[in-house]
Every structure is written in C-alpha cells, then in structure tokens.
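Asks: Kindly return the folded structure for what I paste below:
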Amino acid sequence: MLDFLNVPFYRHDLTAADSEAMARVLATPFLTSGPVGREVEAQIATFHGIPHALLTNSWTNGALAVLLALGVKHGDEVIVPAMTFIASANVVELLGAKPIFVDVDPDTLLMTPAAVAAALTPRTKAIIPVHLYGQMCDVRGMREVLRDRPDVRIVEDCAHCFEGTRDGERPGVWSDAAVFSFYTTKNVACGEGGAITCRDPALYERLQQTRLHGMDATAINRYQKSRYRHWDMLCLGVKANLPDLLAALLPPQIAAVERRLQVRKDLVEHYRAGFADGPLRLVASEPGTVGAEHMFLIHVGAIRDTAIDILNEAGIGIGVHYRSVPTATYYAERYGYTSSDHPISAEWGAGTLTLPLYVSLTRDEQDHVIDTVRRLIYPLLKNAQQS
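Replies: This is a model prediction of the structure:
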C-alpha cells in the first residue's frame, strides 16, 4: 500500500453541468426566493411524506425561525444533547432561552427518551433531538415521554439526516418541525442552505413569516403581475430564506439521494470490515434505523492529536465531530459545566476523529486510509490502552 496518497476530508461532486440550472435562474427576474425554490420545497415535502416544506439559507437560521414560530423566549428551557455541533445549542442561547444539555447513549451517541424525561422541568419549552452522523433518534419514544406535556415541542435537528429512516419513517413524522442542512459537506448540498418541514398548517403559515423578518409577503408575492402590493410585519423574524440561485442545485441531488446512499453504505461497510478486528471504538447502529451515513468516525482516545498529525502527514484529511458542547469555553464559563457533567459526551469528544466519506471516494483512497490507520494508529492505540 502507498505510504502517501492525498485523500481530502471532503470532495463535492457538483460539476459545470450543475451551473446550467443556475444560468436558467439568471435568465429570470428572481435571484432570491421564487418559483425554483417553491418547486424544490414541493420535492422535499414529497420525499419526506410531510405536507409542508420551506427552504432556508442555513440550518441555524432555519432553526431560529422554528423556535421563534413556536414562541421560545427568554427564561424558557430547551433540552439539547451534549454531543452535537454548537449550532444546536446556540440557537437556543440566541433567543435568551437556556439550553439544558443531556448526555447521550454510550454506544450510538444519540439523545434518548429517558434522558429527555429526566431533564424535563416546568420551564421546558422544547427539545432538539439530533440525528447525529445520520442515524435517527427515537423521536417517537420522545413523543411518548411528552404525552402529558403537550406544551413541549419537538424540533428535530436533521443536519446529518436527509435520507435516513427509523422503523420505516423519515424525519418529521413525530416532531413539530424538522430542520435540515444543505451545507457544502452534507449529503445534499448547495454550499449554504437548509430546509424546514412540518405537518401543522398553522405552524407553516407562521414559519413563512419568521423565516423572513416577520413579513407577511415574500419578494415574489410583493411584485406580482408587474404590480406592487403592500406588506406588513406581523411578528419578529430572521432572514432565513434561500435564493433560487442556490436552490437550483438541489433537485438532481434529491432525486438521486437514495442511489447515492447505497454508495455511502458500501463505503461504510468497507470501513467497518477494515477495522473489525482492531482496537478502535466505532459508533453502534440503532435497531430499525437506516442511517444517512453522513460521517464515519473512529475513537482513538488520548492519542487523538498525535493521530491527526500522522494521518495528515500521510495525506489524509480528517475532521473532529464533535467536542462536547458544554465543555466549549463559552458554555463552560457561562454555566460552570465541566467534563464530569456529561461524561460520555466529553470522553467521546476528546478522542474522536472523522474519516473521509463521500460518494467519489475511490477504493484506492479508502484502502489507503484503512491501511494507514492500521499500520500507524493501531500500535499507538494499543500501547496507550495497555499503559
């Protein structure tokens, strides 16, 4: 096996042909949200079997729009897993509410219904289960936990999980809203972007406002048939809409997402086979789930930073997804959290690495990653475990 082969952490497969869809948008009057976006919203709603979908310019702004629409405010509490990206908690903090961090399952790293039940207080306004690395949480079980608390809303963080299922159901079935990301490294991507799905028509109407400054009319609705119509601001909102210029990149990817998922599954199976007899810790699969296989992670413990240097020297790009959010300087200083408050998340976050995983990853590239980990990381990890 080669000692050096450049394997980037991520490589998108959009091409010049995809720019043709953007060129068609340039030939219209609307570069911002318009007819292309509405067609993509219908495509997303159909794919997930949910009646309503809205495109957003990021997961973060989409989640802010949802929390605003649900009335989350200063003094409220929102339950969030400690193992996630910081945005899952930041959107709560930005609204003056308090993120209540809960630890995750030690095998799957997912927030559990039991953790939600233990963290509920009279101030709980919402929960944000995160489908981490593409595997879905038990949202149905969380809904059951909340059967006597209809005032508590569920907002699914689906940034890693566009195409995943649990017990045959896609995101959005048991929650009030599901929020997706189309960031550049996601399985469906347009550089920056996202989407919201929901079942309640009243919430959908409210989201159309909180997604766009609280206005009651989008740009395309303010200029219909060459005539201007007045608009009003009905509530507080954010600027979260996605322009047609980026939305135009999404339809072919959504149409091909299940075929592409099979490619990702084959890559994950090859990784798992390559590491099956070694000392690495891997994320376990939840029964009944079909993961979106968004990321492939290994846990190497205290040698993590040394492993980063070794893999980078071998030309392998890696990521870290994620450090435990409560241990971030901001949250630790603001609320006094330490690693002992959420030990599973803290321990995982201190020792995890994310390996390259994307549709265009070749077998030679993947074998180089596997071989490098086995030759150079395994001995260090075994020595660390024995000491």
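Asks: Give the closest residue to the residue nearest the centre of the chain in space, chain neighbours not counted.
Replies: In the chain, the centroid-proximal residue (Cα atoms, centre = their mean) is residue 159; its distance is 1.7 Å. Across the structure, with Cβ to Cβ, 6 or more residues apart in numbering as the measure, the residue nearest residue 159 apart from its sequence neighbours is residue 181 (3.8 Å). Every residue, glycine included, has its C-beta placed from N, CA and C.
Asks: Give me the neighbour count for residue 27.
Replies: Taking other Cβ atoms under 10 Å as the neighbour definition, residue 27 ends up with a count of 6.
Asks: Now the helix or strand that contains residue 43 - C-alpha only, PDB.
Replies: Secondary-structure assignment from DSSP states H and E places residue 43 in helix 35-48. Written as PDB, here are the backbone C-alpha positions of helix 35-48 (Å, rounded to 0.1, in the frame of the first residue of the first chain):
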ATOM      1  CA  PRO A  35     -40.500  29.600  -8.400                       C
ATOM      2  CA  VAL A  36     -37.500  27.400  -8.400                       C
ATOM      3  CA  GLY A  37     -37.400  27.300  -4.600                       C
ATOM      4  CA  ARG A  38     -41.100  26.500  -4.400                       C
ATOM      5  CA  GLU A  39     -40.600  23.500  -6.800                       C
ATOM      6  CA  VAL A  40     -37.800  22.300  -4.600                       C
ATOM      7  CA  GLU A  41     -39.900  22.700  -1.400                       C
ATOM      8  CA  ALA A  42     -42.600  20.500  -3.000                       C
ATOM      9  CA  GLN A  43     -39.900  18.000  -3.900                       C
ATOM     10  CA  ILE A  44     -38.700  17.900  -0.300                       C
ATOM     11  CA  ALA A  45     -42.200  17.600   1.100                       C
ATOM     12  CA  THR A  46     -43.000  14.700  -1.200                       C
ATOM     13  CA  PHE A  47     -39.700  12.900  -0.400                       C
ATOM     14  CA  HIS A  48     -40.400  13.000   3.300                       C
END
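Asks: Which helix or which strand is home to residue 382?
Replies: Under the assignment here (DSSP H and E), residue 382 is part of helix 378-386.
Asks: ok, and what's touching that helix?
Replies: Identification of contacts with helix 378-386 by Cβ atoms under 8 Å, 6 or more residues apart in numbering yields 278, 279, 280, 300, 301, 302, 303, 306, 307, 310.
Asks: I'd say the first one and residue 374 touch.
Replies: Yes. In this structure, residue 278 is within contact of residue 374 by Cβ atoms under 8 Å, at 6.6 Å.
Asks: Give me the pLDDT for residue 222.
Replies: Note on residue 222: pLDDT of 58.
Asks: following the helix holding residue 43, which helix or strand comes up?
Replies: Proceeding N to C from helix 35-48, the next assigned helix or strand is strand 52-56, under DSSP H and E.
Asks: Next, the contact list for residue 181, please.
Replies: Under the criterion of Cβ under 8 Å, 6+ apart, the contact list for residue 181 reads 58, 59, 158, 159, 160, 193, 194.
Asks: Tell me the spacing between it and residue 370.
Replies: Residue 181 is 28 Å from residue 370, where distance means Cβ to Cβ, to the nearest Å.
Asks: And residue 281, by the same measure?
Replies: Computed as Cβ to Cβ, the residue 281 to residue 370 distance reads 16 Å.
Asks: about what we covered before: and the helix holding residue 382, what's buried?
Replies: By neighbour count, and taking 16 or more other Cβ atoms under 10 Å as the criterion, the buried residues in helix 378-386 are 378, 380, 381.
Asks: tell me the mean pLDDT over that helix?
Replies: Helix 378-386 shows a mean pLDDT of 91 in the predicted model.
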